[in-house]
Each structure stands twice: as structure tokens, then as C-alpha cells.
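Novice: Here is a sequence together with a model predicted from it:
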Amino acid sequence: MHIEIVGHQIEVTPALKETVLSKLAKLERHSDDLIDGRVTLSVERLAKKVDATFNLSGHTIHAEAVDEDMYTAIDQLLDKLHRQIIKRKEKPARHHRPEQSIRTAEAG
């Protein structure tokens, strides 16, 4: 999985980058569909904001978190992404065509 980490009005330090990558590695355990993603770290006055968009096979998930501490915001973001992945994983697959049509079903 390819992850792009960018900073908006903030320099992405190696410690921040390592923290984000290590936390996102936990998401890979729950879903093999993760293709690529983009994480944006930004500062807006006193609040630190983390924004993430990930492409899964057939779907896109997006989450953002704001906190006074960047590491807390990263943890909150991971919780939101984790919930979205679990929700998508547990959702039953929709089948557009039933296994047996009405015409071929035996009359009982």
C-alpha cells in the first residue's frame, strides 16, 4: 500500500511520519483492499488537524480529526478510519441477481 504524507503549514518531521505509518499499519491487518492513501497534517491557529483519504477496491473512505495535540489527532483519525473499515467489512454483500430465478424455481 502506498501512503503519501504531506504537511500544510507544518513540516512533517520523521517522528510524525513514523508515527502515522506505524499506526496505519494496523489498518492493513483489517483490510486487504487498501490500495493507496493520502494523509494531510495541518495547523490552524491552535488546533492541529489530520485529514486522510484512502482508496479501497471499489470504495473511498475519508476521515478527519482536530485536537490541540497532533498525536492525539492522529489517534482519533485512526479510530475513525478503523470504524469505517470494519463497517464496510461487516456489511453484507449485495447481489443484484438471486441464485435462482422465479422461472426456474420448482413449484413446491
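Specialist: In hand now; what should we look at? Residues are numbered from 1 along each chain as shown.
Novice: For the protein, give me the ranges with low pLDDT.
Specialist: Scanning the chain with the threshold set as pLDDT under 70 gives 92-108.
Novice: any idea whether the spatially most central residue of it is helix, strand or coil?
Specialist: Against the mean C-alpha coordinate of the chain, by CA atoms, centre = their mean, the closest residue is residue 81 at 4.0 Å. Under DSSP: H, G, I helix; E, B strand; the rest coil, residue 81 falls in the helix class.
Novice: Next, work out how far apart the nearest residue to it once chain neighbours are set aside and residue 42 are.
Specialist: In space, and not counting its chain neighbours, residue 81 is closest to residue 63: 5.1 Å by CB to CB, 6 or more residues apart in numbering. (C-beta placed from N, C-alpha, C; glycine too.) Taking CB to CB, to the nearest Å as the measure, residue 63 falls 14 Å from residue 42.
Novice: Likewise for residue 55?
Specialist: Distance from residue 55 to residue 42, by CB to CB: 21 Å.
Novice: ok, now residue 64?
Specialist: When residue 64 is compared with residue 42 (using CB to CB), they lie 10 Å apart.
Novice: Give me the common contacts of those two.
Specialist: 49-51 (CB atoms under 8 Å, 6 or more residues apart in numbering).
Novice: ok, residue 24 - contacts?
Specialist: Taking CB under 8 Å, 6+ apart, one finds 3, 37, 39, 78 in contact with residue 24.
Novice: what do you get if the cut-off is 10 Å, keeping everything else the same?
Specialist: By CB atoms under 10 Å, 6 or more residues apart in numbering, the contact list for residue 24 reads 1, 3, 5, 34, 37, 39, 52, 54, 74, 77-78, 81.
Novice: from the residues you listed, which ones fall inside strands?
Specialist: Among those, DSSP state E puts 3, 5, 34, 37, 39, 52, 54 in strands.
Novice: Report the beta-bridge partners for the third one.
Specialist: What it means is residue 34. residue 56 (DSSP bridges).
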